[in-house]
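Peer 1: please work out how this folds:
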Amino acid sequence: MILIPPKKQTKNIPMPISVAIVEDSAAWIEELEQVIARDSGLQLTCTCRRMRSALERIPPLAPDVVLMDINLPDGSGIEATARLKDMLPRIEVLIFTVYEDTEEIFKALEAGASGYLLKRSSDVDVLNAIHNLMKGEVPMTGEIARKIIQSFQKKQPIPREYIINENLTRREMDILQALARGLSMKEIGRECSISPGTVNCHLKNIYAKLHVHSRMEAVMKFLGDPHPLTRVQM
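Peer 2: Next comes the predicted model:
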């Protein structure tokens, strides 16, 4: 596939989100290429069918988002995710797979994935997930989000004193509880009668106070794991 160089930014015209695909199935590559081509806000930079190819080609291109399959011919997409995140800390990796067992989900998140979609997701879900990643959200297929929440709900709830000691305001607590219920920033804004931008500001404060870096880590900590995403060994 011919690589497409990044477009120069024109005044008042936002740069498209650059996307790379790591997928061994030719049929899925074709499907994802067509999905991305339908969105003028996205630009496909490259496709890779093996882990080695991904580790060689993606770092120089530094795309915004990587759609990553887990099962690759020469390795694991989870290992590829961890190695890409080491080289490109700001890259967003969206796992796109058929695997939905809890162990694989946590391994992917531990490796640095920012979202997790099942391949039965609709084209619209895929496009929304890519855009939401760039807004700081953690897109996940509904069943995956429920598995994660259920995994932590089985544990002893985090003591309220712990949360209080983190100096969260009442508003921040409300937003954290809404996150744990799976609401989006727009839905949280409507529920709290504030703008999505204000919700985002509160989220940044929550992350700083809880010493986390994502919505999912914040939810995990709130639901009972004081050290989110460290419970699964690679």
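
Peer 1: list the contacts for the residue lying closest to Ile130 once chain neighbours are set aside?
Peer 2: Spatial nearest neighbour of Ile130, excluding adjacent residues (CB to CB, 6 or more residues apart in numbering): Val65 at 5.4 Å. Every C-beta, even on glycine, is put in place using the N, C-alpha and C of the backbone. Residues in contact with Val65, defined by CB atoms under 8 Å, 6 or more residues apart in numbering, are Ile17, Ser18, Val19, Ala20, Ile91, Glu92, Val93, Leu94, Ile130, Leu133, Met134.

Peer 1: let's see 10 Å
Peer 2: Val65 is in contact with 17-21, 36, 42, 45, 91-94, 114-115, 129-131, 133-134, counting by CB atoms under 10 Å, 6 or more residues apart in numbering.

Peer 1: ChimeraX command to pick out the buried ones of those?
Peer 2: Listed next is the ChimeraX selection for buried residues among the contacts of Val65, using 16 or more other CB atoms under 10 Å:
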select :17,18,19,20,21,36,42,45,91,92,93,94,114,115,129,130,133
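
Peer 1: among the contacts of Val65, name the ones in strands.
Peer 2: When the contacts of Val65 are checked against strands (DSSP state E), the matches are Ile17, Ser18, Val19, Ala20, Ile21, Leu42, Thr45, Glu92, Val93, Leu94, Gly115.

Peer 1: where do the strands of the protein begin and end?
Peer 2: 17-22, 42-48, 65-68, 71-72, 75-76, 92-97, 115-118.

Peer 1: centre of the chain to the third one, how far?
Peer 2: Strand 65-68 sits 10 Å away from the centroid of its parent chain (CA atoms, centre = their mean, to the nearest Å).
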